[in-house]
Structure formats: structure tokens, C-alpha cells
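okay, here's the prediction I keep looking at, along with the sequence it came from:
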Amino acid sequence: MHLSSSRTAALPPAPHFSAARPSRALQLLNRPISPFGAALLAALWIAGIGNLALWRAMADLPEVANARGLAFGIGFGVAIAAIHVALFSLLAWRWTLKPVITLFLLAAAGGAYFMLSYGVVIDRSMMVNVLLTDGREARELLSLRMLGALLALGVLPAALLWRARIAWTTPLRQLRQNAIVFAASCAVLASAGGLFFPDLSATMRNHTQLRYLINPLNSFYALAIVGRQPVQRSGVAVLPLGEDAHLPALAAGAKPPLMVMVVGETARADHIGLNGYARDTTPRLASEGVASLRNVWSCGTNTAASVPCMFSNLGREAFENRPANTEGLADVLQRAGYAVLWLDNQAGGCKGVCDRVPKVDYRALQAAAPELCQGDECFDEVMLRGLDERIARLPAERRARGVVVFMHQMGSHGPAYYLRSPARFKRFTPECTTNALQQCAREQVVNAYDNTMAYTDHFLASTIDWLKTREAQWAPALVYVSDHGESLGENNLYLHGLPYRFAPDVQKHVPWISWFSPQFERQSGVSTACLKAKADERLSHDDYFHSALGLLNVQTRVYEAARDIGASCRAAT
Ligand SMILES: [Zn+2]
């Protein structure tokens, strides 16, 4: 240092344009900063830029649209920064400070991107969905915009941090400094909280969803909660269910049931033509004389929450508070004696509900009909290919009692709706053909989505056609229920997965469509006409497990007639 400055003095003055002397800005950057300075800068960045989604949501609240509201917003921001400084001060040591701040910056960047782009918030259920997401689903969410956002919001400040020299002192002094910074930030937090307590408590009470926007603490909190509660996941021990399940002997003249249960994906009840949607998205189902229940509500707002809950006997509230994972519908049907088969056209799989029954995953389906596939994704019709052979391979003594085939659709999985319908089903154009939905006009997003609904209509009707050709040997039936709905840009919300309490109805209102052959109607005692009369009755996924057991005449203590939508039809006959 000394040497270099004396040499500079000996040289003739540098010309004005020379780059030999570092610029003033660079000198500033090269100056070592204290650990507190680094923590404060990072905390301000996270509280400000990292929480744009929170500030956007707060700006929309009518009660903060005045001077006091503005002051409250600033106080809230100061409190968030103070929390981060306090956290960083606990870890302000030579080997931990930079990694910890980097983790926070990257988590904040990722969270901010998804919250701002799709209007989602980050809670336990969203985190489970993220953890159970497979590579293919994740790839679809990736985009250049996302990469840009991660670089600008996370990587850039992290790179500046790693470039900076931190002025460390002796461990003892550092301990004292950390303690002072921690105490000071707690004091700032307490004063901000005290000053704005009435506003804070009222706002948080009236707009609970705001807390899931505090970034990146929302992600860390959700991860901690996930760690405490069981997640339905492959390979984890599950408790048996319905160990007494059995089937009565088939009556004289009866045929074994052949039931297809289609687990839909991201289908909205209000975009079904049969349900009164302005566009006729279901012409083929309409001509099949199906019964469509129009007032059905999902158990969750994403696949990982909804599917295990649908297949559980518990119903939404008890399922959310379940102490352990338990078997579900597929297990009970198999235990009762049916031949059960799970066909999965989703790379994300069945979220644990098909772990103990024979299954065919999307790769095996793809091998059977590559012409229905693009890349590593197939159109849902692929599940009908080679189906007779797959059923023939199930145990004969089970087939003699009946067959239940679950078909887990790709359906209307977003954001790339345009990939979910073959070219000849694109009746609504122009389509949004990017996965950055917010860049498209809303009509284009809706067009692409409605084409997926029209294709689901074709897929379900084709399945019914297949079932009809098997009426000589079987008593065929089809039940189609979607796992959850979708936001299509209403109030700037896209996709799904908002916490159940705050999620808009469109994410929870799902189709439930049934088709029964005459033979199945006679044997089950449930007629299509009787179900049609319930079209507007409020029903939910809570009724799925018990209605399936009722239709398939499974006798077990875990069956509850009160949650079987067919029970009253049977009683009336
Ligand atoms: Zn889903």
C-alpha cells in the first residue's frame, strides 16, 4: 500500500482519460466493510427488492392508501430489514456470514420471481408441491425471464457480497459486536412493532395471506412446517386402512364391474360446457348422457395436497390434521378383491396413492404409443393404448370380481397449456404459446386452456366408447373428478396452489362427471338420472372415497354412507 502510493507520487500526473487509476466507485467497492455493513446492505436489499410481491399486495389494500398507511408500510419494511439483520448477526462469523446471506438472497430471488409472476404465495402446501415436483414439471416453469430474475435479484447481489472484503476482528470482539447488533436490531424491531401495532394487527388479521408473502422467511417457515407434518411420499411407512374390506358374491345375472376412475388435472368446473360454460368445451360428453355434478369443491389447491386427500377416507379437515400417513382408496379396493391398475400420464406420479397397486408410469405408456407423444410427454389418449392387454395381465381371480382402472391425466396442467392438446383439437385460437402466461393476452391464455378442456372431453368420451364395447362381459362405468382448479389471470393470479382459505373459488371448484352402463346402474342401484338430480348439491372431494366404495359395493367399517353421493339413490330404489 505504502509502496504503491509513493510510486504514484513519483510518476507524472496521469492523463484524464487513463484507466490506470481505479475509479472512485471501484475504490469504494474495494474498501473492506464491516460484517454489520454487509448484513445491513443484504437486509435492505431483501426487505426492499426481495419483497416487491408483498409491497405490491400492500399497495392494493384500500386501508393503506393514505399517509398513515405509507408510514406503516415503511415501518413494516424497517421491521423486515431488522429481523434479517438480527438473524445475520447471530451468524456473523468468518465462515458463515457470506454463505448464509447468499442462501437468503437466492431464496428471496426465487420466491420473489414466483410470487410476482404467478400471484402465488409460499406456504406449507406450496412447499410440499415444490418438494414433490419432478424434473419435467420443473423444467416447464423455467424460462429466460426466470433466469434473468434469479440473476438480477439473487446472483448479482451475492456476487458483489463475495467480491467484498469483510473486515473481521478478533473472535471476542466479534462476539461483542454481534451481540450489540443483535440487541440493536431487536430494539428497532420492537419500536417499529410498537409504533404500528394497531395497523399491523388489523392488516394481518384482515389479510392473513400477507404473511405468506414475507420473503424469504415464508419459504424457510414452510420448510420447517413440512418437516413436522407427514408428507405422502413413496417409500414411507403407511398405516393399513379397511382391513375388513370385502365384496359380497356377485348376484345371479350380474357381471363384474369394469370401472375407470379418471383423476383429472387442473380442470375448472366453470369451463365445462355441460356445466353452462359459454363455450361448448364438452360436445362429446354431452351426447353420452353423462351426469355432471356442478357444485363440487376440491380438498386442496395443488396435486400433492388434493390427490392424497381425495383418496383418503378422512375428508379435508381430518386429513390436514392426520397424525400419520394411511392407505387410501386404491388399497381398500385391492384389499376387497378387485383387480386394480393405475395408469399415470404425469411424470409427477400419483403422490403415494398408487404405491401398493400395479401401475404403469408415463415412460411405459410412451413406449406403447410413441406417436401420441412429443418429447417425454404424451397426450392422455395414450392411456387407452394396449389397455386390454394390461388388464389381461392382472390376476384372473381378481378380474373375475371386477376391475378398477385409475387414469391419472395430464389434463390441463399449466403453465404450458398449449402443449396439452393436439393440433386438431385447437378450436379456440389464438393460443398463448409461452409458459410466461403473464406475457400473453388473457384471451389467449383462456383459449389455450379451453383447448385442453376440449381435449379432455375427447379423451373421456373415447374412454366411454371403449367401455361400451366391453358391455357383453362387464358392467362398465366411468367417474371423472379433477384434483383442483386453476386461476387464468383473474386479478393477476395464474396457476393454482394458493393456501386453501384464500384461494379463489376457481382454484377449488372442480368437475365431477359420471357415466354408467345400464348394467352398472342396475347392479349399483345408482342411476344417472338420480345423480343428475343432485347436479347443484354442494359436494366435495370428501365424498370421493365413500362414493367409490358405495358404487363398487365394498363392505368395510371405514365406509360412511353420509359421504356416499349414491347412498340416497340406492335407498330410493
Ligand atoms: Zn394437480
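Yes, it's here. Residues are numbered from 1 along each chain as shown.

tell me how many other residues surround the closest residue to Gln519 other than its chain neighbours.
With sequence-adjacent residues excluded and distances taken as Cβ to Cβ, 6 or more residues apart in numbering, Gln519 is closest to Ala475, at 4.1 Å. Every C-beta, even on glycine, is put in place using the N, C-alpha and C of the backbone. For Ala475, the count of nearby residues is 24 (other Cβ atoms under 10 Å).

separation between Ala475 and Asn295?
Going from Ala475 to Asn295 by Cβ to Cβ, to the nearest Å gives 28 Å.

for Leu495, phi and psi?
Dihedral pair for Leu495: phi 60, psi -140, per degrees, to the nearest 10.

so what's it bridging to?
On the basis of DSSP bridges, Leu495 is bridged to Ser487.

and it, what does it touch?
By Cβ atoms under 8 Å, 6 or more residues apart in numbering, the residues touching Leu495 are Tyr118, Val120, Gly414, Pro415, Leu437, Glu486, Ser487.

state the pLDDT value of the last one.
Among the per-residue scores, Ser487 holds a pLDDT of 94.

just the buried positions in stretch 72-91, please.
72-73, 75-89 (16 or more other Cβ atoms under 10 Å).

distance from the longest helix anywhere in the chain to the middle of the chain?
Scanning the chain for the helix with the most residues, using DSSP state H, yields helix 442-468. Its chain's average C-alpha position is 22 Å from that of helix 442-468, according to Cα atoms, centre = their mean, to the nearest Å.

get me the contact residues on this protein for the ion.
Glu265, Thr303, Asp483 (Cβ under 5 Å from the ion).

which residue is nearest the middle of the protein?
Centroid-nearest residue in the chain, with Cα atoms, centre = their mean: Asn302, separated by 3.8 Å.

in contact with that residue: list those residues for me.
Counting by Cβ under 8 Å, 6+ apart, Asn302 makes contact with Ser125, Met126, Val128, Asn129, His484, His496, Gly497.

is it possible to export those residues to JSON lines including distance to Ser462, neighbour count and pLDDT?
Formatted as JSON lines, the contacts of Asn302 follow (distance: Cβ to Cβ, whole Å; neighbours: other Cβ atoms under 10 Å; pLDDT from 0 to 100):
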{"residue": "Ser125", "distance to Ser462": "33", "neighbour count": "23", "pLDDT": "80"}
{"residue": "Met126", "distance to Ser462": "34", "neighbour count": "26", "pLDDT": "83"}
{"residue": "Val128", "distance to Ser462": "33", "neighbour count": "25", "pLDDT": "81"}
{"residue": "Asn129", "distance to Ser462": "30", "neighbour count": "21", "pLDDT": "78"}
{"residue": "His484", "distance to Ser462": "24", "neighbour count": "30", "pLDDT": "97"}
{"residue": "His496", "distance to Ser462": "26", "neighbour count": "29", "pLDDT": "91"}
{"residue": "Gly497", "distance to Ser462": "30", "neighbour count": "27", "pLDDT": "88"}
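
now, which of the residues you listed sits nearest the ion?
His484 (5.4 Å; Cβ to the ion).

hang on, that closest one is in a helix, isn't it?
No - using DSSP: H, G, I helix; E, B strand; the rest coil, the secondary structure at His484 is coil, not a helix.

now stretch 560-573: buried residues?
Residues of stretch 560-573 classed as buried: Glu560, Arg563, Asp564, Ile565, Gly566, Ala567, Cys569, Arg570 (neighbour count, 16+ other Cβ under 10 Å).

and the least confident of these?
Arg570 (92).

surely it is in a strand?
No - remark: Arg570 does not belong to a strand; assigned using three-state DSSP, it is helix.

dump the residue contacts of the residue of the chain at minimum distance from the ion.
Residue nearest to the ion within the chain (Cβ to the ion): Thr303, separated by 3.1 Å. Contacts for Thr303 (Cβ under 8 Å, 6+ apart) come out as Asn129, Glu265, Gln346, Gly348, Lys351, Asp483, His484.

over to Ala368?
Neighbouring residues of Ala368 by Cβ under 8 Å, 6+ apart: Val382, Arg385, Gly386.

for the residue of the chain closest to the ion, give its distance to His408.
According to Cβ to Cβ, Thr303 and His408 sit 9 Å apart.

which neighbours do the two share?
Jointly contacting Thr303 and His408 under the rule Cβ under 8 Å, 6+ apart are Glu265, Gln346.

strands of the stretch 451-573 of the chain, start to end?
Taking DSSP state E, counting those that start in this stretch, the strands of the stretch 451-573 of the chain run over residues 475-482, 487-488, 494-495, 509-516, 539-540.

figure out how far the fourth one is from the centre of its chain.
This points to strand 509-516. Computed by Cα atoms, centre = their mean, the separation of strand 509-516 from the middle of its chain amounts to 22 Å.

next, the angle helix 442-468 makes with it.
Interaxial angle, strand 509-516 versus helix 442-468 (axes from the mean of the first three to the mean of the last three Cα atoms, to 10 degrees): 20 degrees.

listing partners with orientation, what would you give for strand 509-516?
When DSSP bridges is applied, strand 509-516 pairs with strand 291-297 (antiparallel), strand 475-482 (antiparallel).

now the last one
Neighbouring strands of strand 539-540 in its sheet, by DSSP bridges, are strand 291-297 (parallel).

following element in sequence after the partner strand, please.
As assigned by DSSP states H and E, the chain's next helix or strand after strand 291-297 is helix 303-310.

what pLDDT, on average, does that following helix get?
94.

going forward, count from 12.
Renumbered: residue one is now 12, and that last one reads helix 314-321.

need the next SSE after it, C-terminal direction.
helix 327-331.

how about low-confidence regions in the chain?
12-33, 36-37, 39-40, 240-247, 584 (pLDDT under 70).

in helices only, show me the contacts of Asn313.
In this view, the contacts of Asn313 that belong to helices under DSSP H are Ser136, Met137, Val139, Asn140.

and those, which two are the farthest apart?
Greatest spacing in the ones in helices among the contacts of Asn313, by Cβ to Cβ: Met137 and Val139 (7.4 Å).

Ile44 bridge partners, please.
Under the criterion used (DSSP bridges), Ile44 bridges to Ile177.
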